[in-house]
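[1] Got a predicted structure plus its sequence, pasted below:
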Amino acid sequence: MKADINERRIIINKLINSGINVTPSILEIFLKLDDPVKKIDLVIKEISFFPNFKSHLTNDALLKINDEEIKNMLKRVLIKDYQIKKDEKITNDNILTKNNSTISELGVSKENNLLEPQKKSVIISDTNELSKDQLSQQLSKIKLIESSKSTIKYKPLAKEYDPQYEILKDPTGKLFTNGDYQDFYDLTLDKFNRLKKLMGKRSEIHSSENINKIQRLKNKVEVSVIGLVNEIRRTKNRNFLIFLEDLTGLVNVIVRRDSENPDNLRLAEKILSDQMIYIEGTYNPGEKGKGGIIYCNFLSQIDIPRDYEPNKSPDPLSIALISDTHIGSKEFEKKLWNRFIAFLNGKIGNSVQREQAGRVKYIIINGDLIDGIGIYPKQQNDLIISDIYDQFKVAKNLLSEVPDYIKIFYSSGNHEPVRNALPRPAVPKKYSQDLINIGLTCIGNPSIIQTHNVNTLVFHGDSLLDLNMLIPGLENNKPVNTMIELLKCRHLAPVYGKKTQIAPTNKDWLVIDKIPDIFHTGHIHINGMGYYNNIMLCNSGCFQSQTEFMNSLGIHPTPGILSLIELDSLKGTYLDLKNNI
């Protein structure tokens with residue numbers, strides 16, 4: 001059904017507003033389609049993914065649209081409008097039409113060498129002189145050329161760019177501890193000083209006083225203080241009582257449930273032990289030797305500045321974020337992994353997905369590449385490869401199929417043969433040498449990787465489960481919300497003494513000193529993606545189906561959902577390897 005005048009006007013306006021130029025002949029193709037307004041929306045959406053699109057919509061570009069009706073209409077128009085002289089051959093160099101048009105104008109890409117495997121020239125006669133059977137034969141030849149998928153060359157954009165990366169933070173080789181009292185004290189002191197320095201950068205933070213000086217005050221007075229939360233609990237009156245300490249002492253803080261500032265209560269509900277906070281309030285001195293109390297008027301965390309401007313790449317490249325493949329486990333999803341490899345090599349997917357694959361320049365594996373040995377009770381029942389060295393050999397073979405222009409980083413998780421306590425060093429060379437030999441860069445956890453100007457904070461995510469149990473409203477199946485709380489604390493494991501093990505090193509590697517552009521976690525096997533104050537947040541899911549141990553924790557994994565981040569825009573995309581490719 002042809003479009004009416006109103007539809008024509010709508011289509012033209014949509015093209016103009018999208019900055020797309022078309023010739024009258026191209027416009028006529030759209031007008032002859034069923035539901036042309038809907039089709040033009042599809043076209044605009046798809047061509048926005050085309051690399052190097054120069055605003056002019058050609059026949060060649062139309063043939064890349066993933067819509068059979070558009071392709072068929074274009075072929076019909078081409079056969080009707082381009083009458084090629086009898087006995088003139090179509091070659092890879094040139095195709096002569098009555099308008100001296102080239103092969104690209106017929107919608108057949110010269111670069112793709114579609115004709116080369118045919119080894120025969122295809123001759124299209126003047127369609128006015130063809131019988132019905134002859135025309136059918138000519139159309140079948142064109143269809144053969146255009147649908148010969150095995151001969152389409154995959155030209156990934158990322159292959160044209162040299163890798164540009166730098167490891168900005170990596171604890172490997174810098175972790176020294178004896179486990180004595182001094183080590184624990186040094187860790188706490190370093191954490192306090194680093195977090196206080198970050199808190200002091202907040203523009204609204206007034207000059208704070210140390211607790212010892214406040215407690216010497218004899219009169220009721222307004223004060224401000226920065227400290228670590230020693231303990232927080234609810235009183236009988238449902239107020240919050242916070243025991244706050246700094247390097248000079250400890251003071252009690254009351255956050256009233258009838259506070260005039262409701263944000264104080266909402267924030268107090270999420271406050272964690274060992275977290276740094278800022279308090280403004282009224283100090284009431286104690287009577288008869290009792291300690292004084294600060295009645296809170298304003299409560300604040302360190303947080304991320306709302307106006308943070310992330311770094312972006314000048315190059316149109318992407319990074320693929322994965323974790324928790326668990327190679328060696330019976331539940332390792334090898335079929336989904338094979339589809340991931342096929343995607344990266346341009347062997348599956350539509351035109352948009354192949355373009356996405358072609359932009360992938362980096363892969364970050366955020367821990368638990370292999371399933372390991374003896375990690376959780378009765379793990380041996382879940383293993384198909386029970387030797388740690390064999391697990392790494394299989395991992396090497398699987399990763400060898402990644403295109404060689406893609407740089408891979410591998411960070412250690414809690415299933416790797418390294419210490420379980422954070423921070424973790426990179427996997428030792430005795431296990432990882434085969435991976436290093438094929439070009440992988442092994443790093444510790446947490447680490448920061450800079451790729452084409454973009455900084456990615458890589459943290460396996462051990463503390464996510466702790467926060468989900470401690471803070472009301474957080475859930476395993478919504479990892480982004482938990483990641484936001486870590487950023488607000490500016491610490492990757494703010495609570496000490498829970499399930500997350502933290503080694504007493506003289507430097508606290510878990511403080512988030514440098515604000516990342518991308519924050520990447522794993523561990524809980526559930527995909528999540530979002531933004532917080534312009535930072536891209538991604539929990540990269542897994543390649544392992546549910547084990548009995550995960551079931552006991554109430555974790556329902558989402559295997560085979562690939563996370564892709566565009567480095568030039570920080571836009572994230574999910575790609576479901578099970579269903580959508």
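    Sure thing, it's come through. Note that the structure is predicted; figures quoted are calculated from it, not measured.
[2] And for the helix or strand harbouring M550, what's in contact with it?
    Applying DSSP states H and E as the criterion places M550 in helix 548-552. With contact meaning CB atoms under 8 Å, 6 or more residues apart in numbering, helix 548-552 is reached by 376-379, 381-382, 525, 556-557. C-betas here are computed from N, CA, C, even on glycine.
[3] make it 6 Å
    Y376 (CB atoms under 6 Å, 6 or more residues apart in numbering).
[4] need the next SSE after it, C-terminal direction.
    Downstream of helix 548-552 (by DSSP H and E), the next one is strand 561-566.
[5] Now do the buried residues in the helix holding M550.
    Within helix 548-552, the residues that count as buried by 16 or more other CB atoms under 10 Å are M550.
[6] so how far is it from its chain's centroid?
    Relative to its chain's centre, helix 548-552 lies at 26 Å (CA atoms, centre = their mean, to the nearest Å).
[7] CA-only coordinates of it, as CSV, when you get a sec.
    This file holds the C-alpha atoms of helix 548-552, laid out as CSV (Å, rounded to 0.1, in the frame of the first residue of the first chain):
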residue,chain,number,x,y,z
GLU,A,548,23.8,-26.5,44.3
PHE,A,549,26.0,-24.1,46.3
MET,A,550,24.6,-21.0,44.5
ASN,A,551,21.1,-22.4,45.0
SER,A,552,21.7,-22.6,48.8
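[8] any idea of the mean pLDDT in it?
    Helix 548-552 carries an average pLDDT of 81.
[9] next one: the strand or helix carrying W337 to chain centre, how far?
    In the assignment (DSSP H and E), W337 maps to helix 334-344. Distance of helix 334-344 from its chain centroid, counting by CA atoms, centre = their mean, is 18 Å.
[10] ok, now stretch 193-206?
    With CA atoms, centre = their mean, you get 29 Å for stretch 193-206.
[11] So which bits of that stretch are buried?
    194-196, 198-199.
[12] Looking at those, which are in helices?
    Applying DSSP state H to the buried residues of stretch 193-206, the entries found in helices are 194-196, 198-199.
[13] how about those in a markdown table, adding pLDDT and distance to Y531?
    Shown next, in a markdown table, are these (pLDDT from 0 to 100; distance: CB to CB, whole Å):
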| residue | pLDDT | distance to Y531 |
| --- | --- | --- |
| R194 | 97 | 25 |
| L195 | 97 | 24 |
| K196 | 95 | 28 |
| L198 | 96 | 21 |
| M199 | 95 | 23 |
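[14] OK, contacts around L435?
    Neighbour list for L435: K396 [criterion: CB under 6 Å, 6+ apart].
[15] Let's see the helix or strand hosting K45 as CSV, backbone CA atoms only.
    Using DSSP H and E, K45 falls within helix 36-47. Provided in CSV are the C-alpha atoms of helix 36-47 (Å, rounded to 0.1, in the frame of the first residue of the first chain):
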residue,chain,number,x,y,z
PRO,A,36,6.3,3.1,5.9
VAL,A,37,6.4,5.3,9.0
LYS,A,38,7.2,2.3,11.2
LYS,A,39,9.8,1.1,8.6
ILE,A,40,11.6,4.5,8.6
ASP,A,41,11.9,4.4,12.4
LEU,A,42,13.6,1.0,12.0
VAL,A,43,15.9,2.3,9.3
ILE,A,44,17.0,5.3,11.4
LYS,A,45,17.6,3.1,14.4
GLU,A,46,19.7,0.6,12.5
ILE,A,47,21.9,3.0,10.5
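[16] neighbouring contacts of that helix?
    By CB under 6 Å, 6+ apart, helix 36-47 touches 3, 7, 10-11, 14, 18, 30, 33, 53, 65, 352.
[17] following it, which helix or strand shows up next?
    Next along from helix 36-47, by DSSP H and E: helix 59-62.
[18] sorry, back to before: pull the most distant pair out of the buried residues of stretch 193-206.
    Based on CB to CB, the longest span within these runs between R194 and M199 and measures 9.9 Å.
[19] now stretch 259-276, how far from the centre of its chain.
    Offset of stretch 259-276 from its chain centre (CA atoms, centre = their mean): 30 Å.
[20] what does stretch 236-251 give?
    Distance, centroid of stretch 236-251 to centroid of chain: 38 Å (CA atoms, centre = their mean).
[21] what do you get for stretch 179-199?
    31 Å.
[22] got it, and stretch 305-313?
    Counting by CA atoms, centre = their mean, stretch 305-313 comes out at 16 Å from the chain centroid.
[23] in that stretch, what counts as buried?
    Those would be 310, 313, for stretch 305-313 by 16+ other CB under 10 Å.
[24] likewise stretch 429-449?
    431-432, 434-435, 440-449.
[25] Could you give the average pLDDT over it?
    97.
[26] Equivalent analysis for stretch 258-267, please.
    For stretch 258-267, the per-residue pLDDT averages 86.
[27] Now find how far off-centre the helix or strand harbouring Q356 is within its chain.
    Using DSSP H and E, Q356 sits within helix 351-359. The chain centre lies 16 Å from the centre of helix 351-359; the measure is CA atoms, centre = their mean.
[28] Show residues contacting that helix.
    46, 49, 64, 66, 156-158, 317-318, 343-344, 346, 581.
[29] how deep is the residue nearest to D576 when sequence neighbours are not counted tucked in, by neighbour count?
    Ranked by CB to CB, 6 or more residues apart in numbering and with sequence neighbours excluded, the top spatial neighbour of D576 is I561, at 5.3 Å. Around I561 there are 22 other residues, counting by other CB atoms under 10 Å.
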